[in-house]
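Quick one: sequence plus predicted model below, questions after.
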Amino acid sequence: MKKNLLIGCSNGMNFLDSFPRVFNDQNIKWFNKSWSAMGNIYISSMLFEFIEEFGIPDYVYFQFSGLSRIDIPFDRNVEIPDYSFQRKTRYKNWVASGGHDGSWPHNDLTKKFFCYLYDPKNEKTNHDISFKNIFAAIELCKTLKIKYNWTFYYNIFNPPNNSNAHKLDGKIEKFPNYIDTTQYLNVHPLNFAYEINEVPEDGIHYSNGSFLKFLITYKDKFNI
């Protein structure tokens with residue numbers, strides 16, 4: 001049986017409600033490692049952790065998150081009190097910032113360490129960290145000959161006008177030249193939701209129905 005891995009942020013936590021419906025193959029076992037508020041450090045690392053725990057997957061879909069998000073892998077025994085945006089995996093407890101203006105300033109402990117990782121005048125450092133992790137995920141797939149596709153939950157070059165994605169998660173003008181875009185879908189679920197007039201209430205978290213329509217519309221782009 002094939003092992004197909006899906007990884008994203010909160011917008012990917014319901015992937016198992018949609019992918020098996022659109023790609024209806026009884027020979028596929030689906031795994032979803034998405035988690036709320038997580039960024040691209042976490043998303044990339046989940047492929048490495050998955051391989052260690054379950055072996056090499058047959059296919060991976062990366063729905064990368066905000067460029068400004070920072071994820072810290074603490075020891076599994078470390079817990080942040082009164083903070084929802086953390087997830088324990090086999091060896092680590094991943095703690096998410098949630099973006100430049102994300103959840104981290106609202107907890108006394110996360111505020112103490114994330115404040116040193118954000119420069120209000122310069123987002124480039126965090127964007128570079130995101131792309132280095134995206135690079136690692138793509139190149140690992142190529143090295144191990146894993147089929148894959150990737151995109152971002154929003155268009156990082158052109159976020160929807162009424163969304164606060166660019167403020168929370170970052171906006172850039174072009175990809176770094178070291179990123180292989182061969183399997184980049186170049187379509188984005190949040191922008192798609194706006195295009196079909198299914199605008200999320202909070203501007204970020206589109207509905208499961210919108211994402212299902214996204215998959216159906218762009219099914220042929222996926223290398224599954």
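Happy to help now that I have it.

what's the least confident helix or strand in the protein, going by average pLDDT?
helix 165-169 (a mean of 70; mean pLDDT, DSSP states H and E).

Which element is encountered next along the chain beyond that helix?
Per DSSP states H and E, the first helix or strand lying C-terminal to helix 165-169 is helix 189-195.

which residues are in contact with that following helix?
Outside helix 189-195, the residues within contact range by CB atoms under 8 Å, 6 or more residues apart in numbering are 11, 63, 151, 153-155, 158-160, 162-163, 165, 199-200, 204, 206-207, 210-211, 213-214, 217. From N, CA and C alone the C-beta is placed, and that goes for glycine too.

go on, stretch 215-223?
Here stretch 215-223 makes contact (CB under 8 Å, 6+ apart) with 18-19, 22-23, 59, 61, 147-149, 183, 185, 187, 192.

for stretch 114-131, same thing?
39-41, 64, 66-70, 97, 100, 104-105, 170, 172, 175-176, 178-179.

Mark which of those are buried, thanks.
Burial by neighbour count, 16 or more other CB atoms under 10 Å: within those this picks out 39-41, 64, 66-70, 97, 100, 104, 170.

Name the nearest of these relative to residue 6.
Nearest to residue 6 out of these is residue 64 (CB to CB; 12.4 Å).

Who is that closest one paired with across the strands?
Per DSSP bridges, the residues bridged to residue 64 are residue 152.

Which positions in stretch 13-23 come out as buried?
13, 14, 15, 18, 19, 22.

Tabulate these in CSV, adding columns for distance to residue 139 and secondary structure.
Compiled in CSV, the buried residues of stretch 13-23 are given as follows (distance: CB to CB, whole Å; DSSP: H, G, I helix; E, B strand; the rest coil):
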residue, distance to residue 139, secondary structure
13, 26, coil
14, 29, coil
15, 23, helix
18, 28, coil
19, 24, helix
22, 28, helix
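
Identify the farthest-apart pair in those residues.
Based on CB to CB, the longest span within the buried residues of stretch 13-23 runs between 13 and 22 and measures 17.0 Å.

Now flag whichever of the buried ones among the contacts of stretch 114-131 is closest to residue 29.
Among those, residue 64 lies closest to residue 29 (CB to CB), at 23.2 Å.

Ends of stretch 88-95, what's the gap?
This stretch, stretch 88-95, spans 9 Å end to end (CA to CA, to the nearest Å).
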